[in-house]
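S.K.: Sharing a sequence plus its predicted fold:
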Amino acid sequence: MTIEQTLPLQEKKKLSLSPWLVIAVGLAAMYIPSFIDLFHGVWGTERNAHGPIVLAVACVYLFVRVRQLREEGLIERRPAPLAGGLVLLFGLLCFALGRSQTVLFMEAGSLIPILAGLVLMFFGVRTCRRLWFAFFFMLFMVPLPASVVDLLTQPLKIGVSFASEHLLRAFDYPIARSGVILYMGQYQLLVADACAGLNSLFTLEALGLLYMNLVRHQSLLRNTTLALLIVPISFTANTVRVVVLALITYYMGDAAGQGFLHGFAGMLLFLVALGLIIGLDSVLRLIAVRYARWRGMAEPEAVPRVRKQAREERSGLFAIGLPTALVLAVGMVASVGAAHALAPHEANVVKTTRFDSFVPAQFGEWREVPSPYVQVSVDVQDGTTRDYDQPYDDVLSRTYVNSRGEQVMLALAYANEQMQDVKIHPPEVCYIAQGFVMMGGAPLAMQTAEGKPVTGQRFLARNNDRLEAVSYWMRIGDAFPDGGLAARWKIFTAGMAGRISDGILVRASSLVQNPSQQEGAYALQQRFLKDLEAAMHRGHPGLMVPA
């Protein structure tokens, strides 16, 4: 081939790449800012640190898989523009809503239908089906809603704490447990969400599925068994991690347990887990081989590769029209503009100073006294910082007594901004985490001194000999949501109206001797909360109850 013939061919190749570059620019406009925010947000926490790892592995796998299908001649040009357009539009809507309202699982997860829609639009259903695992694998990068994480993590934390306690006790270590808090010697260790196994469970499940996809076992039973066994593998590895951290803290001090060796224990977790996955896979393969021999069948092998297609038969597969690419890129940029336009900007911050500067030490018949009891924490460290593991800007814990000697413990927690993944959570989560057992609940309905209705919840909780009756409400904006789903809907509707809601948790509790005394405790707490709201309303209207 002469130089004159080569140059036009190169020009055509460059021209065929330009539409894809236009689409890539549209995707970059959408997701580079989102991924930067995720890196500085939930992906920067230990709970969701697996997100960027999964994203990177998924991108590499997608590239390798497309190249492999192209070599094998399995990429077909049977466009499904209607189906692809609908899936793509769904992804763009998810991105606009998720980005504007901080619904992270919609914002990050929108990448999956957008990529799938592009494949459907240009290549059709069969090619999209052959890339199914790449899209499925990306699901593991999507941050789960905090309420889902709490629901799944709580039993995992308790299980890991229970197993670690009994394992260390079997070796005669001085250890005790209260919920997810371990007491070993003079040290207290909290089994946090990151140590519970949910993030590592997701990472290990993703890597295990990737391992099975690359090895390409034919046996469905073998693949399913290995996928299911990753759950107890993750639990075992996390128990090993907690035990190692407990021993490090016991022998070397708290600084060593929370420093570099804490990260080293995380690395040990994955080494143990990956070793168990490979070992179990070897055992399963041995069983499959022996079963096949026993039945007189051929030994199971990996799925054979398809014969490579000639280079000339693969030419022109990825050629798309530049006008179509421009339309798609404009739609992607428009979704970014829609997200910016829908983002709420009107903040409603009622409280501007710290609780301890204005919450009265004495009001009505109540006066503050030194608390003889340790209150259940609202999961706050020092009240000075706020991030994805710290939903509150300010907290206060006090104990009050009246002239008859009746005591009520008060806890207040306030957040300037309520977002989908950083919001007030019900106190039941904290009580269970700190070793309490729920003994029933009922709705709270009362009126303030000015006759305004207030709704919340009541419950009775027990921890060994401690029996505590609790009344609380959560105010988000101008509403009292009665659960996580109601709170999410309130935040979403306020955000779509352009408003950023603040929120406060108001909790009153009393110790009782037996369950028969709980109704009297609830009535006492109701009188206390009504008096407190009346005193607070004079100086800070709208803080505890919407004005």
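M.R.: Alright, I've got the coordinates. Residues are numbered from 1 along each chain as shown.

S.K.: Against T448, how distant is the residue nearest to V142 when sequence neighbours are not counted?
M.R.: Nearest residue to V142, sequence neighbours excluded (Cβ to Cβ, 6 or more residues apart in numbering): G109, at 4.3 Å. The C-beta positions use only the backbone N, C-alpha and C, and glycine is treated the same way. Distance, G109 to T448, using Cβ to Cβ, to the nearest Å: 42 Å.

S.K.: any idea how far the residue nearest to V142 is from M141?
M.R.: G109 is 8 Å from M141, by Cβ to Cβ.

S.K.: Give me the more crowded residue out of those two.
M.R.: Shown here are G109 and M141; by other Cβ atoms under 10 Å, M141 has more neighbours (25 against 20).

S.K.: who's in contact with the residue nearest to V142?
M.R.: Residues counted as contacts of G109 (Cβ atoms under 8 Å, 6 or more residues apart in numbering) are 94, 98, 139, 142.

S.K.: do the same with L524
M.R.: Here L524 is in contact with 406, 408, 510 (Cβ under 8 Å, 6+ apart).

S.K.: ok, the residues you listed vs K157, which is closest?
M.R.: In terms of Cβ to Cβ, no member of the contacts of L524 lies closer to K157 than S510, at 27.4 Å.

S.K.: Quickly list what that closest one is bridged to.
M.R.: Counting by DSSP bridges, S510 is bridged to A469.

S.K.: would you list every one of the strands in the protein?
M.R.: 175-178, 181-184, 187-190, 346-347, 362-363, 366-369, 394-401, 407-415, 437-447, 453-463, 466-476, 499-500, 503-511 (DSSP state E).

S.K.: before we move on, back to that, which members of the contacts of G109 are the farthest-apart pair?
M.R.: G98 and L139 (14.8 Å).

S.K.: mind checking which helix or strand of the protein has the lowest mean pLDDT?
M.R.: helix 193-196 (a mean of 48; mean pLDDT, DSSP states H and E).

S.K.: related to what we said a few turns ago, with respect to T239, which of the strands of the chain lies nearest?
M.R.: The nearest among these, by Cβ to Cβ, is strand 181-184 at 11.8 Å.

S.K.: So which residues make contact with that closest one?
M.R.: So strand 181-184 is in contact with 161, 164-165, 168, 173-177, 188-191, 242, 246, 249-250, 434-435, going by Cβ under 8 Å, 6+ apart.

S.K.: rerun that using 6 Å as the cut-off
M.R.: Contacts to strand 181-184, defined as Cβ atoms under 6 Å, 6 or more residues apart in numbering, come from residues 175-176, 189-190, 246, 250.

S.K.: V57 - nearest residue in space that isn't next to it in sequence?
M.R.: Per Cβ to Cβ, 6+ apart, closest to V57 is L210, 6.7 Å.

S.K.: what ranges of the stretch 251-400 of the chain fall below the confidence cut-off?
M.R.: Along the stretch 251-400 of the chain, the model assigns pLDDT under 70 to residues 254-274, 288-289, 291-319, 379-390.

S.K.: Quick check, F355 in contact with L396.
M.R.: Yes. Applying Cβ atoms under 6 Å, one finds F355 in contact with L396, separated by 3.7 Å.

S.K.: Now for these two: what residues contact both?
M.R.: Jointly contacting F355 and L396 under the rule Cβ under 6 Å, 6+ apart are L412.

S.K.: circling back: next, work out how far apart the residue nearest to V142 and A547 are.
M.R.: Distance, G109 to A547, using Cβ to Cβ: 38 Å.

S.K.: Return the distance of the nearest residue to P81 once chain neighbours are set aside relative to I23.
M.R.: Closest residue to P81 apart from its sequence neighbours, by Cβ to Cβ, 6+ apart: M121 at 5.5 Å. M121 sits 11 Å away from I23, going by Cβ to Cβ.

S.K.: Compare those two and say which is more crowded by neighbours.
M.R.: Neighbour comparison, M121 and I23: the larger count goes to M121, with 22 against 18 (by other Cβ under 10 Å).

S.K.: Distance to L229, neighbour count and pLDDT for the contacts of L524 - can I get that in a markdown table?
M.R.: Output for the contacts of L524, formatted as a markdown table (distance: Cβ to Cβ, whole Å; neighbours: other Cβ atoms under 10 Å; pLDDT from 0 to 100):
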| residue | distance to L229 | neighbour count | pLDDT |
| --- | --- | --- | --- |
| E406 | 55 | 16 | 91 |
| V408 | 50 | 22 | 94 |
| S510 | 47 | 21 | 93 |
